[in-house]
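>>> A predicted structure for the sequence below; I have some questions about it.
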Amino acid sequence: MTSHQRRNESGAHASSTGQALTGTGWLDAHFEACRPEYEAMLSLVGIEPGWHVLDAGCGGGSYLPLLAEIVGRSGRLAALDLAPDNVALTQKRVAGWDLPCPVEVRVGSLGSLPYPDDAFDAVWCANTTQHFDDEELPAVLAELCRVVRPGGLVAVKDVDMNLLRLFPADPFLVLHLCEASLRVDRVTAESRGSLRGRELRRWLERSGLTEVWQRTTLIERWAPLRPVERRFFGDWLAYLAGLAEERGVPEADLATWRALRDPTAPDHLLDHPEFYASEGQVVAVGRVPDAHKGRGRDGGT
Ligand SMILES: C[S@@+](CC[C@H](N)C(=O)[O-])C[C@H]1O[C@@H](n2cnc3c(N)ncnc32)[C@H](O)[C@@H]1O
C-alpha cells in the first residue's frame, strides 16, 4: 500500500482505489491522445517474440494489444493492477480482442507481486511508479527485478511534470504549481512521483540493473486539437486547476487556473487558435544481471 493510499484520498478521475487519475475513462483518453508516442516508447524497449511479459499497473490494458503483437503467438502476457474495476475491464477487453497470445489478468500490488522469482522475461510498468514516494520506490523496483529472469528487462515509463508547458500562458505556470505542491508536502507520491521521470535511469541503476538507458519523449499538440486530445487536455487542466487552488500557487496565476477549471467554458485556452501543450514522458530500461539474483528483496546476501 502506498502512502497515497494510506491517506485514503479520493481524487478526480479515480478508480475504485480512490487514487486520482487511475480511472479507465481518463486513462483511455490519455492513451488515445498520446498513442503514437506511447506505442513508439514501448516498441523501443527491446521485448522479443516468444517472451513472457508482465504489464505491471495495467490500468485498462491499453498496452496489451501492442505487447501481444511484439511477443507474438509463441509469447505470453500477464497484466496486474491494484484496482479491481480496472482488472475487470481489462479482462473483458482481452476476451474481445482476439490477441495472438494468452493474457492472464489479475488484481495485485506492485509492493508484493503474486509471481515466483524469474517468472518473466520482461516487465513493462507504465505511469505507475508515480504512485510511490521516494521511500517506497526501491522496494517496488526490487519486486519488478525479482520476477524477471537474469538477462531479462525491466522497463519503467513515467511522466515528468516539469515538461508540461502551455501556450499562450506564463511559461512558469506549471512550474509554479510543481513548486507549490512540493512545498505543501515534499514526500507525497502524488507530488514527487510526477516529477521523477528524468531521474528514473538513476533509480534503475541503484536497484542493481545493468545496461540502463533512458529516453525522454516530448509529446506536443497544437490547435486545432482532435476531440480526444481536447478531452484529455481539458480534463487534465481542470484537475491541475483544482490542485493549484489547493496548493496555493502565486496569486497572479490563479486567474489563469480558474479559467481552466471548466473545459466546456467559452474562450477556453484549448480553443485558442495558437494553443500548444507539451507532455514529457520518460522510459528507462535496465537488464537484470545474474549477480542480482539470490540477494533477497532487501539486497542483502
Ligand atoms: C496512471 S495509471 C496507468 C495505467 C496504465 N499503465 C497506462 O499507462 O495506461 C496507474 C495504474 O497503476 C495502478 N496502481 C496504483 N498503485 C498500484 C499498486 N500498488 N500496485 C498495482 N497497481 C497499482 C492504478 O490502479 C492504475 O491503474
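Arrived safely, thanks for sending.
>>> Tell me if I'm right that W213 and R201 touch.
Yes: here W213 lies in contact with R201, judged by C-beta atoms under 8 Å, at a distance of 7.2 Å. To be clear about C-beta, it is placed using only N, CA and C from the backbone, and glycine gets the same treatment.
>>> Quick one: the strands in the protein, in order.
Secondary structure of the chain by DSSP state E: the strands cover 52-56, 76-81, 103-107, 120-126, 148-159, 165-167, 210-222, 276-287.
>>> picking up where we left off before, so between W213 and R201, which is more surrounded?
Neighbours per residue (other C-beta atoms under 10 Å) separate W213 from R201, with R201 holding more: 21 against 13.
>>> Chain neighbours aside, what residue packs nearest to that one?
Nearest residue to R201, sequence neighbours excluded (C-beta to C-beta, 6 or more residues apart in numbering): Q214, at 3.8 Å.
>>> Tell me the pLDDT of that neighbour.
According to the prediction, Q214 has pLDDT 98.
>>> residue contacts, it?
Applying C-beta atoms under 8 Å, 6 or more residues apart in numbering to Q214 gives the contacts 198, 200-201, 282-285.
>>> Redo those as a markdown table? Include pLDDT and distance to the ligand.
Shown next, in a markdown table, are those (pLDDT from 0 to 100; distance: C-beta to the nearest ligand atom, whole Å):
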| residue | pLDDT | distance to the ligand |
| --- | --- | --- |
| R198 | 95 | 18 |
| L200 | 97 | 15 |
| R201 | 98 | 19 |
| V282 | 98 | 13 |
| V283 | 98 | 12 |
| A284 | 98 | 15 |
| V285 | 98 | 16 |
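>>> Looking at those residues, which one is closest to A122?
Comparing the contacts of Q214 against A122 with C-beta to C-beta places V285 closest, at 9.0 Å.
>>> got the residues of the protein near the ligand?
Within the chain, the residues that sit near the ligand (C-beta under 6 Å from any ligand atom) are 2, 15, 17, 19, 21-22, 27, 31, 57-59, 62, 81-83, 86, 109-111, 126-128, 131.
>>> Please report the distance of V71 from R287.
18 Å (C-beta to C-beta, to the nearest Å).
>>> Which one's more surrounded, those two?
Of the pair V71 and R287, V71 is the one with more neighbours under other C-beta under 10 Å, namely 24 against 19.
>>> For the more buried one, which non-adjacent residue is spatially closest?
Using C-beta to C-beta, 6+ apart and skipping residues adjacent in sequence, the residue nearest V71 is W51, 5.0 Å away.
>>> picking up where we left off before, and the buried ones among the residues of the chain next to the ligand, selectable in PyMOL?
Buried subset of those, written as a PyMOL selection, criterion 16 or more other C-beta atoms under 10 Å:
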select buried, resi 2+15+17+19+21+22+27+31+57+58+59+62+81+82+83+86+109+110+126+127+128+131
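>>> Which ones among the residues of the chain next to the ligand map onto helices?
In helices, defined here by DSSP state H, the members of the residues of the chain next to the ligand are 27, 31, 86.
>>> What residue in the stretch 51-200 of the chain comes nearest to the ligand?
At 2.6 Å from the ligand, G59 is the closest residue in the stretch 51-200 of the chain, using C-beta to the nearest ligand atom.
>>> Provide a list of residues in contact with that residue.
Per C-beta under 8 Å, 6+ apart, neighbours of G59: 22, 24, 27, 81, 86, 90, 126-127.
>>> Taking the residues you listed together, which two end up most distant?
Taking C-beta to C-beta as the measure, those have their most distant pair in T90 and N127, spaced 14.8 Å apart.
>>> Mind pulling up the pLDDT for the residue nearest to D55 when sequence neighbours are not counted?
In space, and not counting its chain neighbours, D55 is closest to A79: 4.3 Å by C-beta to C-beta, 6+ apart. Per-residue pLDDT puts A79 at 98.
>>> what ranges of this structure fall below the confidence cut-off?
Along the chain, segments meeting pLDDT under 70 span 1-10, 185-190, 292-301.
>>> Nearest the middle, which residue of it would you pick?
N127 (0.7 Å; C-alpha atoms, centre = their mean).
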